[in-house]
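Visitor: Test case, fold it:
(chains A and B)
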2 protein chains.
Amino acid sequence: MRKLIAVARGEEKADLVLKNANIINVFTNEIIKGDVAIDEGYIVGIGVYEGKEEIDLEGKYLSPSFIDGHVHIESSMVTPNQFAKAIVPRGVTTIIADPHEIANVKGIEGIRYMLEESENLPLDVYIMLPSCVPSTPFENAGAVLEAEDLEKLIDEARVLGLGEMMNYPGVVNQDQKVLNKLQVFKDKIIDGHGPVISDKELNAYVVAGIKTEHECSTIEEMNERLRLGMYIHIREGSAARNLKDLIKGVNKDNLRRCIYCTDDKHPGDLLKDGSIDHNIRLAMEAGIDPIDCIKMASLNAAEAYGLKEKGAIAPGFKADLVVIDNLKDFNIIKVFKDGKLVAEDNKPLFDVTVRDNASMKNTVNIKEISIEDFQVPIKGERVNVIKLLPHSLITEHVVKSVEDLVVEDGLFVKGDNLLKVAVIERHKRTGNIGLALVEDFGLQNGAIASTVAHDSHNLIVIGDNDEDMLMAVKELERVGGGLTIVYEGKILDTLPLSIAGLMSEEPLEVVDKKLTNMLDIAYERLGVNKNIDPFMTLSFIALPVIPDIKITDMGLFHVGQFKFIDLVE
Amino acid sequence: MRKLIAVARGEEKADLVLKNANIINVFTNEIIKGDVAIDEGYIVGIGVYEGKEEIDLEGKYLSPSFIDGHVHIESSMVTPNQFAKAIVPRGVTTIIADPHEIANVKGIEGIRYMLEESENLPLDVYIMLPSCVPSTPFENAGAVLEAEDLEKLIDEARVLGLGEMMNYPGVVNQDQKVLNKLQVFKDKIIDGHGPVISDKELNAYVVAGIKTEHECSTIEEMNERLRLGMYIHIREGSAARNLKDLIKGVNKDNLRRCIYCTDDKHPGDLLKDGSIDHNIRLAMEAGIDPIDCIKMASLNAAEAYGLKEKGAIAPGFKADLVVIDNLKDFNIIKVFKDGKLVAEDNKPLFDVTVRDNASMKNTVNIKEISIEDFQVPIKGERVNVIKLLPHSLITEHVVKSVEDLVVEDGLFVKGDNLLKVAVIERHKRTGNIGLALVEDFGLQNGAIASTVAHDSHNLIVIGDNDEDMLMAVKELERVGGGLTIVYEGKILDTLPLSIAGLMSEEPLEVVDKKLTNMLDIAYERLGVNKNIDPFMTLSFIALPVIPDIKITDMGLFHVGQFKFIDLVE
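Guide: Prediction:
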């Protein structure tokens, strides 16, 4: 402290001085011309300073770096350190991550891996402990996390609280196991995930200690929650893009509880649009005061998560800074973390440690499987079918007559634009397999399989013949999880996701290139319906919380009726 | 928690429902019509609710109650519980108190007394531990508090941090004892008191961890500090009234770090104008959005001091509420604390426990004193005189020729409009007495004495004859401290301040009445100059931090020259 005071006072030279900046002040919405003195990783003074090292910013804008208020790193399909290399150059140096996906595969051990893998990065990775593993009682995940399990990690330095409480019925219905979790984390931050609920239910959700919401899709939802004191994450991800709708409801009075998040962002979108820098650009385009756009990405998020040394350019704050060309194009030129230059012109200037991630590998543990396991007996009059809708995660429940199907030996063979889908429990070799029929996926002469299948991340495979489906399953078993495409008895391509079947150890660019190639194959060779993304569709078709009809390892689930239904009845 | 959720959901009736309110929402600056459901002292729901008890507010305004961000209770001259009875009806249910005065008399024991005396009140009294006891090395107080002394109280539930760090030269000059204190409290809140300093000195002060400032008197001072991330207390007290100047600098962008305080407010002003409700009214009169005026008194102050359950009307917040007639007259009709009605129509509805405060009594410990102790030998050519200025705490240093004085036997007898003043160390019987001459006090044939003498609170007495001065000292010794007026050998009136010589155990109204009467006596019988307040003048004439020339128990101190000077030279 003595040294910092001496440097601030000008008695000693600073480690680094950023000269001639247009400094963005999020406390007063002013642009201040001056130098920023940095020492021991902290901002120590603003004014006119001399440094051992000096960088002339020549009038460029200096902003506090950005915070992603809610993100699942796993959705990027790369490990935390590769993720850092991708987003730090975008000006994001702090994220609030919910390792919900890996926790569904590897439980507490998976969360610890994410903590360790994100150590010593120029990205501060804070962790919200996954509150809902498994997400529902209607599926088998790799772990079951109760309050007492989560409590083991509560004192970890980078653990801020409890991750998105998706089980809002459990909260408002006072489910004891849910209340136990809320009780354990009552003095920490508890993230919400309670779209749709309103009025008394929402009051109940908030009084239970839920502090944030990132699932708002309308201004009405946002306003109702802001009024009750919640922080609202304005989300711009890959599947869910809420910014353009919500930003219209942001004003000078309610701004301070508005922050940003990406939630789930896929490799291609991260590379093309960036991370939270994209949210800022979109908010600016929508006409919000540029400094307010930055404030939501910095001070507001820091306050929401109690990060006292982050989010502003002022003495005592961490020297986490972004140099920007101007407040219109908003190109990110340099990024500083703890006073060190860590990215320049969209390139990371740091390397990451390659670790032995053996404990997170070989997570595809399925019971011996054979062609017979894919047989769908047709005994009855009608079949319940999962109908896909264009560009949507919502499915439609349709009922077909058995007479419209081709049936041999009492077994399903084919139907008009129908494919077989199987969800195979892959964590504990239970042998559980859920089977269903899907309409409008549009694949021919092959199969596509994935171990990314929210939220339990069982192995899901879709195809028009059992042989290719089996081959796809065997391929993912061989590589320890990932995505694969089989066509006419041959494996055309595979993206191994060796970390928990969710993440690659390769850089984001490599994963994106492979994924793009596989999408081309899926559309061009297998003829997948171009109105859907085959991998995203597979990854959500097993999530029994989004309407209307889903398939888990336990069977066909009707979300609206909140119960399992028979495939044939 | 289960119960609160059930009540919020409407499954169970709330303890209390405030029906038909115009609810002030500080998150969105909206007025929401509806009911507020309260249970177990918390707000649980906003909407339409039923309660075991219901109060129809008939469209009146419901506001979160108010927070005084920085106050010395001792300045009210009453104990914390009497103070509560005075300010709770004004809508103030939380205060951040700095028991700096009693700490100067009784040290850690005095702070503990304030904590105990403020238990179980419908006023939440948080404590900032006094950082500067004694205030300067140029006086003897009743205690010396170092970092290790303060650390003993750091874990007390209501201790939030370190009180106003007046020793800003010590901070910027890196005085080790000062740094030790800052270090101990670095993860808590540290209040500032650093007017005047600017630029690099201010950066140094802020990087040292100082988070707030209540001494701003100009918009420039305020803006410079807001830019550096400090919280600014907009003060409206008795001696210092900064609101009208500062409020002009408040806008929607910088508002969130602006809060209010009273700092020092005397009995008459508290009774006439109120407390923080007065700051709100003045801010409204200045044209600030009424909800912003309330936000500074509630949410902003709660955020500044990390009081997570205070400052807003939303589920999970404490039911600390104020019912107001309208946002113009701003009359306070009812006050709720933890969901209980505690004041109505400016009257408290609670009683306070009368304790045995023996440990805080009999604090006037002076060495045997006699008439000779007041003798001022005149050996030299010139005398240095403290000249009072009208309506000001600042004094002027004037030099008089010895020839203009009446001197007998080498001792001062009288001079044109000059009086003798003595500061007698009263804590540890050291026998220290500082003597000086004061111009323009204007008293005749008597003496006035007080044990309220910032910040060391030694016994100060002024008079035109040694006999009356001695009598006044003896009277305060007899009653254990307070204020007294002696005239022509008779005690005309005494206000005993039995708690540390600073506070009365009587209600504020009683103290005010007595004080008003004594002021009348001072002006009408003793002929005190009507351009000064005799008691306030005495209480500040011994404070060696305000220019230009002061008297402590150690002698005559020249603030500008920062050294003791001789009375005669």
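Visitor: Just the C-alphas of stretch A:339-352, formatted as CSV.
Guide: What follows is stretch A:339-352, C-alpha atoms only, in CSV (Å, rounded to 0.1, in the frame of the first residue of the first chain):
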residue,chain,number,x,y,z
GLY,A,339,-1.5,-3.9,-16.0
LYS,A,340,0.0,-6.3,-18.5
LEU,A,341,-0.6,-6.1,-22.2
VAL,A,342,-2.3,-9.4,-23.0
ALA,A,343,-3.9,-8.9,-26.4
GLU,A,344,-3.4,-6.6,-29.4
ASP,A,345,-5.3,-6.3,-32.6
ASN,A,346,-7.5,-9.2,-31.8
LYS,A,347,-4.6,-11.6,-31.1
PRO,A,348,-3.8,-13.0,-27.6
LEU,A,349,-0.3,-12.3,-26.5
PHE,A,350,-0.2,-15.1,-24.0
ASP,A,351,0.3,-18.8,-24.0
VAL,A,352,-1.6,-21.2,-21.8
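Visitor: show me what contacts A:Asn104?
Guide: Listed by CB atoms under 8 Å, 6 or more residues apart in numbering or on different chains, the contact set of A:Asn104 reads A:Pro130, A:Val133, A:Pro134, A:Ser135, A:Ala141, A:Gly142, A:Ala143, A:Asp455, A:Ser456, A:His457. (C-beta placed from N, C-alpha, C; glycine too.)
Visitor: Apart from its neighbours in sequence, what residue is nearest the third one?
Guide: The spatial neighbour of A:Pro134 that comes closest, neighbours along the chain excluded (CB to CB, 6 or more residues apart in numbering or on different chains), is A:Ala141 at 3.7 Å.
Visitor: neighbours around that neighbour, how many?
Guide: By other CB atoms under 10 Å in any protein chain shown, the residues close to A:Ala141 number 25.
Visitor: pLDDT at it, what is it?
Guide: Confidence at A:Ala141, expressed as pLDDT, is 97.
Visitor: now A:Pro544
Guide: Listed pLDDT for A:Pro544 reads 89.
Visitor: wait, isn't it in contact with A:Gly560?
Guide: No - A:Pro544 sits out of contact with A:Gly560 when judged by CB atoms under 8 Å, with a separation of 11.2 Å.
Visitor: Tell me the helix or strand right after the strand or helix carrying A:Asn81.
Guide: Per DSSP states H and E, A:Asn81 falls inside helix A:80-87. Where DSSP H and E defines the elements, the next helix or strand beyond helix A:80-87 is strand A:92-97.
Visitor: And that following strand, what does it pack against?
Guide: Packing partners of strand A:92-97 (3 or more CB pairs under 8 Å, 6 or more residues apart in numbering or on different chains; DSSP states H and E): strand A:66-71, strand A:124-129, helix A:299-304.
Visitor: That one to strand A:124-129, inter-axis angle?
Guide: For strand A:92-97 against strand A:124-129, the angle by axes from the mean of the first three to the mean of the last three CA atoms, to 10 degrees is 10 degrees.
Visitor: any idea of the mean pLDDT in whatever helix or strand comes next after strand A:92-97?
Guide: Going down the chain from strand A:92-97, the next helix or strand is helix A:100-117, by DSSP H and E. Average pLDDT, helix A:100-117: 98.
Visitor: List the buried residues in helix A:100-117.
Guide: Neighbour-count burial for helix A:100-117 flags A:100-108, A:110-115, A:117 (criterion: 16 or more other CB atoms under 10 Å in any protein chain shown).
Visitor: which of these lies closest to chain B?
Guide: Proximity of the buried residues of helix A:100-117 to chain B (CB to the nearest CB) peaks at A:Leu115, which lies at 22.2 Å.
Visitor: Show me the strands in the stretch 401-550 of chain A, by range?
Guide: Taking DSSP state E, counting those that start in this stretch, the strands of the stretch 401-550 of chain A run over residues A:405-408, A:411-415, A:418-424, A:433-439, A:446-450, A:459-463, A:482-487, A:490-496, A:549-552.
Visitor: again, but for the stretch 251-400 of chain A
Guide: For the stretch 251-400 of chain A, the strands defined by DSSP E, counting those that start in this stretch cover A:258-261, A:321-324, A:332-337, A:340-344, A:347-348, A:382-388, A:395-401.
Visitor: Can I get these in JSON lines including mean pLDDT?
Guide: Output for these, formatted as JSON lines (pLDDT from 0 to 100):
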{"stretch": "strand A:258-261", "mean pLDDT": "98"}
{"stretch": "strand A:321-324", "mean pLDDT": "98"}
{"stretch": "strand A:332-337", "mean pLDDT": "98"}
{"stretch": "strand A:340-344", "mean pLDDT": "98"}
{"stretch": "strand A:347-348", "mean pLDDT": "98"}
{"stretch": "strand A:382-388", "mean pLDDT": "97"}
{"stretch": "strand A:395-401", "mean pLDDT": "96"}
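Visitor: Can you tell me which of the ones you listed is most buried?
Guide: Neighbour counts (mean count of other CB atoms under 10 Å in any protein chain shown) averaged over each of the strands of the stretch 251-400 of chain A peak at strand A:258-261, with a mean of 29.
Visitor: and that strand, how far from the chain's centre?
Guide: With CA atoms, centre = their mean, to the nearest Å as the basis, strand A:258-261 stands 14 Å off its chain's centre.
Visitor: Export it to CSV, keeping only CA atoms.
Guide: Output in CSV follows, covering the C-alpha atoms of strand A:258-261 (Å, rounded to 0.1, in the frame of the first residue of the first chain):
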residue,chain,number,x,y,z
CYS,A,258,-28.7,-4.0,-16.2
ILE,A,259,-25.7,-6.1,-17.2
TYR,A,260,-24.7,-8.3,-20.2
CYS,A,261,-24.2,-12.0,-20.8
